[in-house]
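Novice: show me the folded form of this:
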Amino acid sequence: MAGRGKTLSIAAGFAAAIGVGRFVYTPLLPLIGADTGLAPAAGAAIAAANYLGYFAGAALTIAVPRTGDHRGLLRASLLAIVASEAAMALELGAASVPVWWLLRFAAGLASGIVFVHCSRAIGSSARLARGFAGVGAGIAASSCLVIAGRAAGLSSARLWLIAAGLTAILGLLALHPGLAERAADAPPRAAPR
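Specialist: This is a model prediction of the structure:
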């Protein structure tokens, strides 16, 4: 049961960070353009900021040891994704492309950190497919959220808030049980000869 709980936590982490945190922007982009007049080139630049942040977050984890207590970093990263999505909702009225750029960069940075943390937590090939299925489930949830929201006549700002709520729920699932547990110490490596 503990193994299933950890697998669910890993899948929820992937869904929060990648499926919603990173991919909800794609189906929202046409609606953002309609609501704010965002030009396609600006929309592409904002997407690029997210990708750059994702790369930076993943690269930064090189400096984080594989073992040790990373619960604080995981929580902070999940919170940063939720906060950036909520801030997008609040900033849409201002139509400030530089602020959107920074918010999507921050979301990408945090998503990259959570992605690497979840990947490290997989631990066994038996969990691999089930854990990574969270990415697909999160992308599907993002798409369904936007489709249903658009059909209901919701604005892109409201959909960002709903996405933030969904990410928060997935983040709580990611933190309980298992994913946020202290990583076991790795066995010592033999010195190279």
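
Novice: which residues does the least confident helix or strand in the chain by mean pLDDT contact?
Specialist: When the helices and strands of the chain are scored by mean pLDDT, DSSP states H and E, helix 2-14 comes last with a mean of 85. Contacts of helix 2-14 with the rest of the structure, by C-beta atoms under 8 Å, 6 or more residues apart in numbering, involve 74, 78, 114-115, 117-118, 121-122, 127, 130-135, 137-138, 170-171, 173-181. The way it works is simple: take the backbone N, C-alpha and C, and place the C-beta from them, glycine included.

Novice: in helices, which of the residues you listed fall?
Specialist: Among the contacts of helix 2-14, the ones falling in helices (DSSP state H) are 74, 78, 114-115, 117-118, 121-122, 127, 130-135, 137-138, 170-171, 173-175.

Novice: what about burial for those residues, which qualify?
Specialist: Among those, those scoring as buried are 74, 78, 114-115, 117-118, 121-122, 127, 131-135, 137-138, 170-171, 173-175 (criterion: 16 or more other C-beta atoms under 10 Å).

Novice: burial count for Ser143?
Specialist: 15 (other C-beta atoms under 10 Å).

Novice: so how many other residues sit close to Ile18?
Specialist: Count around Ile18 with other C-beta under 10 Å applied: 24.

Novice: against Cys118, how distant is it?
Specialist: Applying C-beta to C-beta, to the nearest Å, the value for Ile18 to Cys118 is 9 Å.

Novice: which neighbours do the two have in common?
Specialist: With C-beta under 8 Å, 6+ apart, Ile18 and Cys118 have common neighbours Gly134.

Novice: that older thread, mind listing what's buried in the very next helix or strand once past the least confident helix or strand of the chain?
Specialist: Heading C-terminal from helix 2-14, the first helix or strand you meet, by DSSP states H and E, is helix 25-36. For helix 25-36, burial by neighbour count (16+ other C-beta under 10 Å) applies to 25, 27-29, 31-32, 35-36.
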